[in-house]
Structures are given as structure tokens and as C-alpha cells.
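Trainee: How does the following fold in three dimensions:
(one chain, ligands or ions: 1)
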Amino acid sequence: MIENNKTDVIVVGAGAAGLGVSVILSKLGLDFIVLEKDEVGASFKKWPKETKFISPSFTGNFFKMADLNAITPDTSPALSLMTEHPTGEEYASYLEGLSAYHKLPVYTGVEVKEIQKDGRLFTLDTSLGSYECKFLIWAAGEYQYPKRKSFQGSGLSTHYSEVPSFSELDGDEHIVIGAYESGFDAACNLINQGKKVILLDDSNYLEHVESDSSYCLSPFTRDRINSVIDQLDYHSQTKVESVEFIDNKYLVKTKNGKEFETSQKPINCTGFASSLKLVQDLFIFNKQGYPLLTELDEATRTKNLFLVGPQVKHDNALFCFIYKYRQRFAIVAETIAKRKRVKRKLLKTVLKDYKELNFYLDDLSCCDGECVC
Ligand SMILES: Cc1cc2nc3c(=O)[nH]c(=O)nc-3n(C[C@H](O)[C@H](O)[C@H](O)COP(=O)(O)OP(=O)(O)OC[C@H]3O[C@@H](n4cnc5c(N)ncnc54)[C@H](O)[C@@H]3O)c2cc1C
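Mentor: Residues are numbered from 1 along each chain as shown. Reported below is the predicted structural model:
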């Protein structure tokens, strides 16, 4: 327990990002706690039952090629879970194991509602009273903050994040709105359940190919699409404008004048917003809605406030996958350690593995290229 709810560092969120940075804080001997509104790995536990990781797990750590889904250099979900593409539930058990092993001080059932900074101190107003700290690391993710208003009548649809399992959805035919990773995931899983799927999207990700995995479909998803493509009724360049409920049917109207009808609620796969809306006054956002960060992932507007996780973006480099954003945990932890005057020798020892296994990215010019083939 901490005294009077005061500590040096508070991490908000016990997902992949919050725990990943916490392991380093723990190794550095810093005073910190993690506040988690639900439980460790909660977002992963909320994934639809059939959904799997698109990035593959493979144990290469000892050859200095860490498992893409590992959040520390010395662990591998491939090894602990014995699978290449874990489900959300499986991955959450990897996170729980890691949290228990490192005895991370995670306070579950504490929802952070508002944050204020007065002088050098942050005050966090939570469902269990207020907490104070000098350094704050925001790691509350995106998944539990779905994008809901992408079209008129979106309240008549079920958001992807609200689907417990595709096998539990009633009906033989579904309309899926949005065809990027989650939309194609929904479509493939529904077809595998023997259902018919109409998939509507305002662009065409099947045709879109580029080097950066953040901006195009993963090979895992392409393989799955190829295995069901004959059964998929896919309409690209078809922007959904509205959903209405008329005569016990859901009527979906698109910008290019098409209309589709279904007796089941359409599934909204237009993406996620961000937990950052809870702390938006502490950040400045660019036109695309990404927070402006220093080279140390500190909010440009608020000293000692750091962001870790998939919302981190520097120019075109979007750190939205675990194998990308884990490379910034050590940068944030090192910055705090230096400001807390942690001994240089300890810092060097702790960061050694992180540097050797590409878990330490301090040259941001690296990530903006195109592969030649
Ligand atoms: C369908 C799908 C498939 C994906 N596949 C991959 C993949 O294959 N590979 C990959 O690298 N990435 C993948 N991602 C992205 C990956 O899930 C995210 O990068 C990851 O979940 C982000 O981790 P996080 O810790 O930032 O957020 P989360 O995992 O969402 O963790 C945030 C935590 O904060 C807690 N929290 C939220 N708000 C508060 C609050 N106000 N107070 C206290 N606690 C709070 C939540 O309960 C949660 O436990 C996928 C995402 C989706 C949706």
C-alpha cells in the first residue's frame, strides 16, 4: 500500500503498454503504482472470443529477435502460450503472468476520471478517491473508447468492441460497416460460422499495399480473406451515410446511392477513438487528432506527463503495434529515472537488454521508409 495515496509515478492502465513500462520502472526501483479500472489485460479479455492477434508470435529472443508480441525483452508469448496468433484471452494470461512475476503494484477497480496539475503535482480524481504523483504515464489505450458516431443512426448498430463472440450473434446474414482490420476480422469470423456477410467500406484496403504495417492489411488477415473471398459480398468505395430502423428491418443507405437491408443490427467496425479524451486539456492535438509529443514522448503542453501505447505518433511513424510502441517504454522510464536521479550504473544495467533486443528506439528518423520489394 502507498501512504496517503501519494507516490512518485502513476501509470494509468494495466494493458500491454502500462505493464510494459511498469516492468522497467520496477527494475529501476522507482516508487510507482498502476491504476486500472478493471483488471490486468481487460481490453484483451473483451475482444470477441474468436479474434486472434494478427502479428505473429515466434520465439527468437535468444538470437536477439524478440517475439513481436512480447512486452519485455526476456519473454515470449509464443513460448508461454504455445501459439502463433493468440486470442485476446490468451494474451491477457501472458500479461497476468508477467504482472505476477514482477509483483507489479497494480490497483484494480480504480477508474481515473479526471486529472489536474497544480504546480509540480498531478491530482487524479478516481472512483476510489484521489491520488497524487509527480510523474504520470498515460496508458489507458483505445479499445474501451470506441468510435461511435461515424454515420447517422450509428446507435442502431453494434460496435465491434461489444461483440462477445461472433457465434453468439443471432441471424444468418450480417452487414458489416468498415473494412479495415476489425471489419475483415468480423467478416471472416462470421463467414466461418456459416453466415452471409455484406461488407461496406468507403475505401479499398484489398487493393492498398505499402511497407508500413500500420497502414495496410496484415498478411494474416489477407490469408483469412483469401480463404472466404468467394463468399464475401464486399463493396469498396461505399461510404455508409445512415442506418434506419423501418418495419423491423435495419436499412443501410450509402453515399453512392446503394441501399442494403438486414434483420440484424449492423456491426460497426469504423474503429476506435482514444482514452486521451479524458485528459485532452493536458495535451495539444494535431489536425489528425494525434497528441503532440516531445522526442521523449512527453506531452508538449504538460511537463512530466508521458504517453505510452498505440496513440504515440511522430511524423508518419505510428507506433500502433506492440512491436512498435514497446520500443518507447525504455525511453519514458529512462527520462523519469534521470529526473529522479537514479544511479547511472543501475540505469545502464537495466537498459542493456532493452537496447540489445531493439526495445529502445531513440532515433525517430528510422521509421519512415519504403521497402524495395
Ligand atoms: C481486434 C484487434 C486486434 C489487434 N491485433 C493486434 C496485433 O495482432 N498486434 C498488435 O501489436 N496489436 C494489435 N492490436 C492493437 C492492440 O490491441 C493494442 O495495441 C493494445 O491493446 C494497446 O495496449 P494498451 O495497453 O495501450 O491499451 P489496452 O490494452 O486497452 O489497455 C488499457 C488499460 O487501461 C484501462 N483503462 C482504460 N481507461 C481507464 C481509466 N480511465 N482509468 C483506469 N484504467 C483505465 C483498461 O481497462 C485497460 O486495461 C489489436 C487491436 C484490436 C482491436
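Trainee: chain center to the lowest-mean-pLDDT helix or strand in the chain: distance?
Mentor: Using mean pLDDT, DSSP states H and E, strand 317-318 stands out as the lowest-scoring helix or strand of the chain, at a mean of 91. Distance of strand 317-318 from the chain centroid (CA atoms, centre = their mean, to the nearest Å) equals 14 Å.
Trainee: who are the neighbours of that strand, in terms of helices and strands?
Mentor: Contacts defined by 3 or more CB pairs under 8 Å, 6 or more residues apart in numbering; DSSP states H and E place strand 317-318 against no helix or strand at all. Placement of C-beta: from N, CA and C, glycine included.
Trainee: Sheet partners, orientation included, of that strand?
Mentor: Applying DSSP bridges, strand 317-318 is found paired with strand 313-314 (antiparallel).
Trainee: The least confident helix or strand of the chain close to the ligand?
Mentor: No - figure legend: strand 317-318 not in contact with the ligand (CB under 6 Å from any ligand atom); closest approach 11.0 Å.
Trainee: Next SSE downstream of that strand?
Mentor: Sequence-wise, the next helix or strand downstream of strand 317-318 (DSSP states H and E) is helix 322-325.
Trainee: From the rest of the structure, what touches that following helix?
Mentor: With contacts defined as CB atoms under 8 Å, 6 or more residues apart in numbering, helix 322-325 is touched by 16-17, 55, 68-71, 214, 308-310, 312, 317-319, 367.
Trainee: let's go with 7 Å and repeat that
Mentor: Helix 322-325 has contacts (CB atoms under 7 Å, 6 or more residues apart in numbering) with 16-17, 55, 68-69, 71, 308-310, 312, 319.
Trainee: same deal with stretch 104-123?
Mentor: Against stretch 104-123 from outside (CB under 7 Å, 6+ apart): 12, 14, 19, 22, 26, 32-40, 99, 124-128, 130, 132-134, 136, 278-279, 282, 302.
Trainee: which among the residues you listed are in contact with the ligand?
Mentor: Near the ligand, taking CB under 6 Å from any ligand atom as the test, the members of these found are 12, 14, 35-38, 278.
Trainee: Most neighbours out of the residues you listed, which is it?
Mentor: residue 14 (28 neighbours; other CB atoms under 10 Å).
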